[in-house]
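> Okay, sequence plus prediction incoming.
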Amino acid sequence: MRLLAIDTATERCSVALRIDGQVIERAIEMPRGHGDLVLPMVESVLQEAGLKLADLDGIAYGRGPGAFTGVRIAVGVVQGLAFGAGLKTVGVSNLAAVAQQVAQPGDRVLVCMDARMEQVYWSSFVREQGSELVTPLAAERVDAPDAVDEGDYSTLAGTGFKAYPKLTERLATGARVIHEVTLPKASDIALLAEPEFRAGRAKPAAEAEPVYIRDQVAHVKVP
């Protein structure tokens, strides 16, 4: 299977081309400007592989939660590329992509990503023994750090732990492994999307959509 994956939901802008299990990837970490970076990165991975968009089986994307503008960039770019090439799409949770990056067989992973405004996007995942992929254990949420469930986790991951030290103090106990600067990667998004394509659950370009979790994007000052 030949899949292109795009992620711009965090400060890491990444693009990956997954071809029968082999990956070509580009990634740049910048606070903004992903809209100018992503298309040249797509062109670069396709050129390295000697492929055109029309040669692919589909396009995967990080559908959020993450930075509102970043998530919109990914969805807009994917819709344009997929529509032009007649390809279907699959959106992948950015929290799942972080969990996938750090999970070992048997791990239960809590992912907390900095959502600004004194909140974190969070959820939990498990990678069962014998499985290559993580699966969710709970719905994705946005909460204050002190509302995150302590749970039975073996691994903690995500920028929320660095942004909110009290979260780390409360949860980084015992033998838990912590990865506090982990950002999602397009290669993990491609990996998680592949079973969805194989199962026929991909959607037309027009149905690609973001998942924000939170509607409010700024603090409102009360008079």
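That came in fine, so what should we check first?

> biggest helix in this protein by residues?
Determined from DSSP state H, the single longest helix within the chain is helix 68-85.

> Check which element follows that helix along the chain.
strand 89-92 (DSSP states H and E).

> Tell me which helix or strand residue 95 sits in.
Residue-wise, residue 95 maps onto helix 94-102 under DSSP H and E.

> the helices in this protein, which residues?
Under the criterion DSSP H, helices of the chain are mapped to 34-49, 68-85, 94-102, 160-163, 165-171, 186-198.

> Quick one, which of those helices gets closest to residue 134.
Closest of those to residue 134 is helix 94-102, at 4.6 Å (criterion: CB to CB). For glycine as for every other residue, the C-beta is placed from the backbone atoms N, C-alpha and C.

> now what about that closest one, what contacts it?
Contact with helix 94-102 is made by 7, 9-10, 62-66, 109, 111, 113, 121-123, 125, 127, 133-134, 136, 140, 155, 157-158, 177, 179, 182-185, 188-189, 191-192, as judged by CB atoms under 8 Å, 6 or more residues apart in numbering.

> quick one: it to helix 186-198, angle?
110 degrees (axes from the mean of the first three to the mean of the last three CA atoms, to 10 degrees).

> Export only the CA atoms of helix 94-102, formatted as CSV.
Presented in CSV, the C-alpha positions along helix 94-102 are these (Å, rounded to 0.1, in the frame of the first residue of the first chain):
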residue,chain,number,x,y,z
ASN,A,94,-2.9,13.3,17.0
LEU,A,95,-3.0,11.9,20.6
ALA,A,96,-3.0,8.3,19.2
ALA,A,97,0.0,9.3,17.0
VAL,A,98,1.9,10.3,20.1
ALA,A,99,1.0,7.1,21.9
GLN,A,100,2.0,5.1,18.9
GLN,A,101,5.5,6.7,18.9
VAL,A,102,6.3,5.7,22.4
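
> Quick check: PyMOL command selecting the buried ones in the contacts of helix 94-102.
The buried residues among those can be selected in PyMOL (16 or more other CB atoms under 10 Å) with this line:
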select buried, resi 7+9+10+62+63+64+65+66+109+111+113+121+122+123+125+127+133+134+140+155+157+158+179+182+183+184+185+188+189+191+192
